[in-house]
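**Student:** sequence and predicted structure are below.
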Amino acid sequence: MLAKARNRLGPVVACGDVGALPIRSASFDQALAVWVLHSLNDASALFAEAVRVLRPNGRFLICPVNRPAPDDRIGQAFEAMGLLVDQVTGRPHRTASAIQILRWTEASGFQGHVEALAAQEWRSTTDREIKAILDRSWSALVPLSNGQFELVTADALANLRSLPPGQVIRRAVAEPVVLEAP
């Protein structure tokens, strides 16, 4: 991803730890974090760094993982699996709601709101979703031991295997958090 960004944007692309960004303070008017929180041990470090690198009144957009629509049975199985991952790893960031994220960021001085976007739809198959779990395509599954992996995926895999084969329409809702720095 870094190479792709450098090809698109040039030498302005940098790689660093979100808890200690290699960027001067008050350097940016805007910052963006897309599907990042679920990968962090300490999300508060990201929020503190965002406040540091943003200029006063700068904007920070956080896009947490999408929430499955109530009628998306595959999404509901993934959501339940996510809760188990959080319990096993002790990291509540993956399943944190946009409202929870908004509250966490307020401790760093941000003020903001949650945007409610229209549901997104895409096509998939239960076989494709089962394979994604078994291949550990979902980043939250990668660091789990084999025992932890079996524990958190057993119910989701059983639920997915009970669904009829073939193509399904998946639906999810995105709730980005729009913040303003102090």
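**Tutor:** Nice, thanks for sending it over. Note that the structure is predicted; figures quoted are calculated from it, not measured.

**Student:** and the gap between the residue positioned nearest the centre of the chain and residue 162?
**Tutor:** The centroid of the chain falls nearest to residue 35 when counting by Cα atoms, centre = their mean (2.9 Å). Residue 35 is 28 Å from residue 162, where distance means Cβ to Cβ, to the nearest Å. From N, CA and C alone the C-beta is placed, and that goes for glycine too.

**Student:** can you check residue 5 too?
**Tutor:** 41 Å.

**Student:** pick out whichever of these two has more residues nearby.
**Tutor:** residue 5 (13 against 10; other Cβ atoms under 10 Å).

**Student:** look up the closest residue to the more buried one, ignoring the ones flanking it.
**Tutor:** In space, and not counting its chain neighbours, residue 5 is closest to residue 13: 4.6 Å by Cβ to Cβ, 6 or more residues apart in numbering.

**Student:** what ranges does the chain have for its helices?
**Tutor:** Remark: helices assigned in the chain by DSSP state H are 2-9, 43-53, 73-89, 98-106, 126-134, 146-161.

**Student:** dump the ones you listed into TSV; add distance to residue 29 and mean pLDDT as well.
**Tutor:** Supplementary listing: these in TSV, determined by distance: least, Cβ to Cβ, whole Å; pLDDT from 0 to 100:
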stretch	distance to residue 29	mean pLDDT
helix 2-9	16	89
helix 43-53	10	92
helix 73-89	33	91
helix 98-106	17	90
helix 126-134	37	96
helix 146-161	40	97
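
**Student:** circling back: quick check on the residue nearest to residue 5: phi, psi?
**Tutor:** phi -80, psi 130 (degrees, to the nearest 10).

**Student:** what about it, how many residues close to it?
**Tutor:** Neighbourhood size, residue 13 [other Cβ under 10 Å]: 14.

**Student:** wait, isn't it in contact with residue 2?
**Tutor:** Yes. Here residue 13 reaches residue 2: they are 6.5 Å apart, a contact under Cβ atoms under 8 Å.

**Student:** how close does residue 9 get to residue 176?
**Tutor:** Residue 9 is 22 Å from residue 176, by Cβ to Cβ.

**Student:** for the closest residue to residue 159 other than its chain neighbours, give me its contacts.
**Tutor:** The shortest distance from residue 159 to any non-neighbouring residue, by Cβ to Cβ, 6+ apart, is to residue 77 (4.3 Å). Taking Cβ atoms under 8 Å, 6 or more residues apart in numbering, we find residue 77 in contact with 155-156, 159-160.

**Student:** again, 10 Å this time
**Tutor:** The neighbourhood of residue 77, defined by Cβ atoms under 10 Å, 6 or more residues apart in numbering, consists of 68, 126, 129-130, 133, 153, 155-160, 162-163.

**Student:** just the buried residues of these.
**Tutor:** Neighbour counting with 16 or more other Cβ atoms under 10 Å marks 68, 126, 129-130, 133, 153, 156-157, 159-160, 163 as buried within those.

**Student:** no further questions, thank you.
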